[in-house]
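Asks: All I have is the shape, not the residue letters:
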């Protein structure tokens, strides 16, 4: 099992200890470091800044929101980072949700699967640099010929020659259709709230994508990276209690009440009644009660918590389910170093 450090996106201020976390991840043998974005800090800038002090770990976005940039702009950022890091960039993309896409970026959320397919195709054209980049649209037409166009736009190639035409593109996906699309057109799947208990269901979704004509990868060369808190502790009770408010926020408070992709994931796990209860409490302002309503088993479905022997045993379960990398977050370098024996098991 490989490990990736998930730095996420910033809160009100930049995290003070991120350089120490990145240095520790490199030191103990983590495979990659990832950053994210929501509606505050961006993903590329911190990754380039902190990644400049590394030499080995891959540098990935988990995820870049597609509506934040045109596909050509994202490709430019990825090829730039790949040059600066000597070929260590991993481009993780995601559609986000309608609350952010329409409320923050001012764009329609409709047809996310079609937009993803078109977006990835354009990014790959830029990175391949085999011809001038064009797209028939309808979401990202190149050249643009729509309302307000001058008619002077022309197809272009990137001035800078990409270091690699095959920079890995991973997609953040949660639903069955999106996961199948990921298996068809991407190099890896960034899975959030993954549970090995449903590995058979995920395999069906993935196999549908792998079986499509022109699929880019097969199960043998496709990467699955799952977000998963891995905590070695003798106080499992304390860790569970600390995680409950965060889960309550994502299950009950993220997105719109009628369309919360994270809540849908837990519904598929069989927690529909629990999701309804948490959502009702959280959105009525009773956040402490919402956190208390999160059952231990819901957390343990998607995390690994326990003493070292228990954690090692669970790592084998996740690996057997097909996960090749766990994306973990940490509050301190000491916490990360505590995982060192697992990195080399």
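Replies: Great, that's in hand. A quick note: this is a predicted structure, and the numbers were derived from the prediction, not measured.
Asks: Name the SS class of residue 93, please.
Replies: strand (DSSP: H, G, I helix; E, B strand; the rest coil).
Asks: Repeat that for residue 34.
Replies: From three-state DSSP, the assignment for residue 34 is strand.
Asks: Cross-check the contact I'm expecting between it and residue 6.
Replies: Yes - checked against Cβ atoms under 8 Å, the pair residue 34 and residue 6 is within contact range at 5.1 Å. (Glycine included, C-beta is placed from N, CA and C.)
Asks: Now do the helices in the stretch 151-300 of the chain.
Replies: According to DSSP state H, counting those that start in this stretch, the stretch 151-300 of the chain carries its helices in the segments 176-185, 199-210, 236-252, 261-268, 272-283, 287-292, 296-302.
Asks: Buried deepest among the ones you listed, which one?
Replies: When the helices of the stretch 151-300 of the chain are scored by mean count of other Cβ atoms under 10 Å, the highest mean neighbour count falls to helix 176-185 (a mean of 21).
Asks: helices or strands up against that one?
Replies: Helix 176-185 is packed against helix 112-128, strand 168-172, strand 188-191, helix 199-210, with contacts defined by 3 or more Cβ pairs under 8 Å, 6 or more residues apart in numbering; DSSP states H and E.
Asks: can you list the residues that contact the first one?
Replies: Counting by Cβ atoms under 8 Å, 6 or more residues apart in numbering, the neighbours of helix 112-128 from elsewhere in the structure are 66, 71-72, 74-76, 78-79, 91, 93, 95, 131, 133-135, 137, 139-140, 142, 158, 162, 164-167, 169, 171, 177-178, 181, 185-186.
Asks: How about the second one?
Replies: Taking contacts as Cβ under 8 Å, 6+ apart, the residues outside strand 168-172 that touch it are 60, 62-63, 90-94, 116, 120, 123-124, 178, 181-182, 185-190, 192, 223, 225.
Asks: one step back: of the helices of the stretch 151-300 of the chain, which is nearest residue 331?
Replies: With Cβ to Cβ, the closest approach to residue 331 among those belongs to helix 236-252: 10.0 Å.
Asks: what is the mean pLDDT for the strand or helix carrying residue 319?
Replies: Remark: residue 319 resides in helix 308-320, with elements defined by DSSP states H and E. Averaged across helix 308-320, the pLDDT comes to 96.
Asks: between that helix and helix 236-252, how many degrees?
Replies: Inter-element angle recorded for helix 308-320 and helix 236-252: 40 degrees (by axes from the mean of the first three to the mean of the last three Cα atoms, to 10 degrees).
Asks: Report the contact partners of residue 7.
Replies: Residues in contact with residue 7 (Cβ under 8 Å, 6+ apart) are 15, 18, 21, 22, 33, 34, 35, 36, 46, 50, 329.
Asks: And the residue nearest the centre of this protein?
Replies: With distances taken as Cα atoms, centre = their mean, the residue of the chain nearest its centroid is residue 62 (3.6 Å).
Asks: what pLDDT does it get?
Replies: The per-residue confidence score, pLDDT, reads 96 for residue 62.
Asks: Could you check how far it is from residue 148?
Replies: As for residue 62, its distance to residue 148 is 35 Å (criterion: Cβ to Cβ, to the nearest Å).
Asks: Same question for residue 137.
Replies: Computed as Cβ to Cβ, the residue 137 to residue 148 distance reads 15 Å.
Asks: higher neighbour count, the two?
Replies: Taking other Cβ atoms under 10 Å, residue 137 and residue 148 do not tie; residue 137 has more neighbours (12 against 5).
Asks: Which strands or helices does the helix or strand where residue 21 lies pack on?
Replies: Residue 21 belongs to helix 18-28 when elements are defined using DSSP H and E. Identification of packing neighbours for helix 18-28 by 3+ Cβ pairs under 8 Å, 6+ apart yields strand 2-6, strand 32-35, helix 44-51, helix 333-337.
Asks: Which of these sits closest to residue 105?
Replies: Nearest of the helices and strands packed on helix 18-28 to residue 105, taken as Cβ to Cβ: helix 44-51 at 16.1 Å.
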